[in-house]
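Novice: need coordinates for the following:
(one chain, ligands or ions: 1)
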Amino acid sequence: MKSLISIHDFSKDEMLYVLQCAAEFEKNPCQTLLAGKVIASIFFEPSTRTRLSFETAANRLGARVVGFSDAKNTSVSKGETLKDTIKMVANYVDLIVMRHPLEGSARYAAEVANVPVINAGDGANQHPSQTLLDLYSIRKTQGRLDDIRITMVGDLKYGRTVHSLLQALSLFDARFKFIAPPELQMPAEYKAYLRQKGLPFEEHTDLNNNIGDADILYMTRVQQERFQDPIEYEKVKNSYSLKKSMLAKAKPTMKILHPLPRVNEIDAGVDDTPHAYYFEQARNGVFTRMAIIAYLLNAR
Ligand code: CP
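Specialist: Numbers count the residues shown, from 1 in each chain. Take a look at the predicted model:
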């Protein structure tokens, strides 16, 4: 029994296998490989894309979905622990998809549950299914995963998607640029990880002069919900706003990714440029999540 809690839970070969399956699901999205299975979608934090694309993926595979999108309507509000909640849910279903605000909660859930668990985001830590759909989007738009130049922009401190993606792309010899205000820089542990792998990275605060050499411009939202002090959020909330005029020097093949939701870090004027790919990226989430669920449940 295998869970997907951190991107490190999948080897490079497993990632490539999932991406291959995702491409097959994109060509033929209605394959009822999981008829008779039940999947729990339990979200202790808000979500639009992750929850709905996982539930769509499960439905397209022929599984049924149970769960909640607001723990206030569950016995958690009566004081039930995460451990007991997970043990109960695991009694009823074949696989659990969980989002929770606490870092490490998904790993804990996987230890308690006797069914596979997929981490749909645990605090500022990891979001591995997002990473697989990001890899799928990168390969689809660039025709390769090796030797990608990626510029990550915004909240690199609390943005769990960039943490997982950095680790995955390190398997494919990516070159990184990190663009963030001093308060939101990539945490030291991830930079140490790249140094250990011998992979180059640059850090900047200016966005305008760091677009031209990118294959992928990965924008992120400042994660308001992770700030203890609202004044600190106010200081950095408008750090970057990508505008159409800033794309003049971009490579013609450069694509802009964003895990979404966006607030104001990508101006709506960018949406109709050939560089914008974030809505297609979100659509790719369904095929990728079909592939992840099918793989973890051994449905071939
Ligand atoms: N990308 C992502 O995790 O979006 P949601 O928060 O809407 O699920």
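Novice: quick one: mean pLDDT over stretch 185-200.
Specialist: In this model, stretch 185-200 has a mean pLDDT of 96.
Novice: quick one, strands of the stretch 101-250 of the chain?
Specialist: Assigned strands in the stretch 101-250 of the chain, in chain order: 117-122, 149-153, 175-179, 201-204, 216-219 (criterion: DSSP state E, counting those that start in this stretch).
Novice: so what strands line up beside the last one?
Specialist: Using DSSP bridges, the strands paired with strand 216-219 in its sheet are strand 149-153 (parallel), strand 255-257 (parallel).
Novice: returning to that earlier point: now the strands of the stretch 101-250 of the chain as JSON lines including mean neighbour count and distance to the ligand?
Specialist: To be clear about C-beta, it is placed using only N, CA and C from the backbone, and glycine gets the same treatment. As requested, the strands of the stretch 101-250 of the chain are exported to JSON lines (neighbours: other Cβ atoms under 10 Å; distance: least, Cβ to the nearest ligand atom, whole Å):
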{"stretch": "strand 117-122", "mean neighbour count": "27", "distance to the ligand": "6"}
{"stretch": "strand 149-153", "mean neighbour count": "23", "distance to the ligand": "15"}
{"stretch": "strand 175-179", "mean neighbour count": "23", "distance to the ligand": "19"}
{"stretch": "strand 201-204", "mean neighbour count": "14", "distance to the ligand": "23"}
{"stretch": "strand 216-219", "mean neighbour count": "26", "distance to the ligand": "12"}
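Novice: on that earlier part again, may I see the strands paired with strand 216-219 arranged in a markdown table, with mean pLDDT as well?
Specialist: Formatted as a markdown table, these follow (pLDDT from 0 to 100):
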| stretch | mean pLDDT |
| --- | --- |
| strand 149-153 | 98 |
| strand 255-257 | 98 |
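Novice: ok now the helix or strand of the chain with the lowest mean pLDDT, how far from the chain's centre?
Specialist: Here the helix or strand of the chain ranked lowest by mean pLDDT, DSSP states H and E is helix 230-236, holding a mean of 92. How far helix 230-236 lies from its chain's middle: 24 Å, per Cα atoms, centre = their mean, to the nearest Å.
Novice: the closest residue to residue 239 other than its chain neighbours: how many residues sit nearby?
Specialist: Using Cβ to Cβ, 6 or more residues apart in numbering and skipping residues adjacent in sequence, the residue nearest residue 239 is residue 181, 4.7 Å away. Neighbour count of residue 181, defined by other Cβ atoms under 10 Å: 16.
Novice: ranges for the helices of the chain?
Specialist: Assigned by DSSP state H, the helices in the chain fall at 12-27, 49-60, 82-92, 105-112, 128-142, 160-169, 188-197, 230-236, 278-296.
Novice: pull out the buried positions in the fourth one.
Specialist: Within helix 105-112, the residues that count as buried by 16 or more other Cβ atoms under 10 Å are 105-110, 112.
Novice: with the third one instead?
Specialist: Residues of helix 82-92 classed as buried under the neighbour-count rule (16+ other Cβ under 10 Å) are 82, 85-86, 89-90.
Novice: farthest-apart pair in those residues, please.
Specialist: 82 and 90 (12.1 Å; Cβ to Cβ).
Novice: for the ligand, which of the helices of the chain is the nearest?
Specialist: Set against the ligand and scored by Cβ to the nearest ligand atom, those come closest in helix 49-60, at 3.2 Å.
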